[in-house]
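# Build me a structure from this.
(one chain, ligands or ions: 1)
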Amino acid sequence: MFASIENIDQLNDFEVQFLSKKSEIGQISKNLKTCSPEEKREIGQALASFRDEFTEAFAKKKALLETEMLNKRLLEETIDVTQQFPLEKGTLHPISHVQREVERIFTSMGFEIADGPEIESEWHNFDALNIPASHPARDMQDTFWISKKSDTSHENFVLRTQTSDVQIRKMKEHGAPIRLIAPGRVFRNEDVDATHDAVFYQVEGLLIDTNISLAHLKGTIETMLSQLFARETTVRLRPGYFPFVEPGFEVDFSCALCGGQGCKTCKNSGWIEFMGAGMVHPNVLRNCDIDPTKFSGFAFGFGLTRLAMMKYGIDDIRLLSSQKIEFLSQF
Ligand code: PHE
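Numbers count the residues shown, from 1 in each chain. Predicted structure coming up:
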């Protein structure tokens, strides 16, 4: 019976049953006083040695059960300190991927990466770029105006509509020659739909030096696109109007999907509209204290957001700012 005890509770019950005052042994001890002195001694000794034996066996059994219990608990509660938990790693935003690619390609051609403020003075965003207040070109980039005038000047401020302002700042700071790209966030008062957003990313580029021609512009853009799409890509220039360049162009590139054969993406034309560009207007150079009789150069600007959409086949611009993990974790 003793051997079949499996846990401490059963052992305690056993003790009560056999050793407590109410147990048979308890009764015998109680009745002992009615016995003769000889009987008392004999039975008393027998009881004492039974108690000793039992107490020892009980203690041993208790220790054994406790050890078993502890081992069982240890096994149940084991922590494997060597186990590795899968860590959820974040991914880069598709625009960041394309921006890094574009930056890598331009820096390999000796272009510096330049940055500027998103809240910009009217002068840097418009006037210095040969867009006077009355000029209809201001309507092309319907603007968010900041009502507060700066404390130090009486200028108006806008959320920049283009990163061309960075070119102005850098030309004023460093003069010529200069070679930079300005990637960044720009803002326009657009109605948001699948292909338009009021906030998007742009890359503008500028190269001012001596003896710079349109051939340099064409070569630079073809090199960038060929590397980005990992296939030979050509560009074509169509006349286009931008106040800060003369002559100005709309630049298309040969469709990277069909190689210029014609497909759905390029609407069967073989060409994709890509950006604005041209030779920097002498007025802009003068506004930045650069002598247009000594220096000339080209400027261009394209939508980084649109480029990312094209590269990854994203058909709704709103997904890019949606913060949807299912969408973003694909990149
Ligand atoms: N800044 C123009 C835009 O945002 C793009 C451009 C840049 C055009 C440089 C010509 C030269 O639309």
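# Excluding its own residues, what touches stretch 275-285? List them.
The contact list for stretch 275-285 (Cβ atoms under 8 Å, 6 or more residues apart in numbering) reads 128-130, 168, 171, 176, 206, 208, 212, 214, 217, 221, 237, 240, 242-251, 291-292, 295-303. C-betas here are computed from N, CA, C, even on glycine.
# Downstream of the helix or strand hosting Glu42, the next helix or strand is which one?
Taking DSSP states H and E as the criterion, Glu42 maps to helix 37-76. Later in the chain than helix 37-76, the nearest helix or strand by DSSP H and E is helix 94-108.
# Against which helices or strands is that following helix packed?
strand 112-113, strand 178-187, strand 199-209, helix 214-229, helix 304-312 (3 or more Cβ pairs under 8 Å, 6 or more residues apart in numbering; DSSP states H and E).
# Surely Leu180 and Ile113 touch.
Yes: with contacts counted by Cβ atoms under 8 Å, Leu180 reaches Ile113, the gap being 7.1 Å.
# who's more crowded, those two?
Leu180 (21 against 15; other Cβ atoms under 10 Å).
# Would you mind listing what in the stretch 51-200 of the chain touches the ligand?
The stretch 51-200 of the chain comes close to the ligand at residues Gln162, Ser164, as judged by Cβ under 6 Å from any ligand atom.
# Remind me what the helix or strand Phe298 falls within packs against, helices and strands.
Element membership of Phe298 [criterion: DSSP H and E] is strand 296-303. With contacts taken as 3+ Cβ pairs under 8 Å, 6+ apart, strand 296-303 sits against helix 164-174, strand 199-209, helix 214-229, strand 245-254, strand 271-280.
# Can you give the contact residues for the helix or strand that the longest one is followed by?
Note on helix 214-229: by DSSP H and E, the next helix or strand toward the C-terminus is strand 235-239. Strand 235-239 has contacts (Cβ under 8 Å, 6+ apart) with 214, 218, 221-222, 225, 247-254, 271, 274, 277.
# what's the neighbour count on the one residue in the stretch 151-300 of the chain that gets nearest to the ligand?
For the stretch 151-300 of the chain and the ligand, the shortest gap (Cβ to the nearest ligand atom) falls at Gly276, measuring 2.7 Å. For Gly276, the count of nearby residues is 21 (other Cβ under 10 Å).
# could you check the distance from it over to Gly240?
6 Å (Cβ to Cβ, to the nearest Å).
# what sits in contact with each of these two?
Listed as contacting both Gly276 and Gly240 by Cβ under 8 Å, 6+ apart are Gly248, Phe249, Glu250.
# got these as TSV, with pLDDT and neighbour count columns?
Converted to TSV, the shared contacts of Gly276 and Gly240 look like this (pLDDT from 0 to 100; neighbours: other Cβ atoms under 10 Å):
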residue	pLDDT	neighbour count
Gly248	98	19
Phe249	98	24
Glu250	97	17
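# contacts with the ligand among those, please.
Counting by Cβ under 6 Å from any ligand atom, Gly248 from those sit close to the ligand.
# Burial check on Phe157, number of neighbours?
As a burial measure, Phe157 scores 21 neighbours (other Cβ under 10 Å).
# For the remainder of this discussion, apply numbering that starts at 665.
Will do, 665 is the new start, and the previous item becomes Phe821.
# Look up phi and psi at it.
phi -120, psi 150 (degrees, to the nearest 10).
# can you pick the most crowded of the contacts of strand 899-903?
Highest count within the contacts of strand 899-903 by other Cβ under 10 Å belongs to Ala941, 27 neighbours.
# Give the bridge partners for it, please.
Beta bridges link Ala941 to Phe913, Phe964 when assigned by DSSP bridges.
# check contacts around Tyr865.
Neighbouring residues of Tyr865 by Cβ under 8 Å, 6+ apart: Ile759, Gln763, Pro847, Gly848, Arg849, Val850, Gly967, Leu968, Thr969, Ala972.
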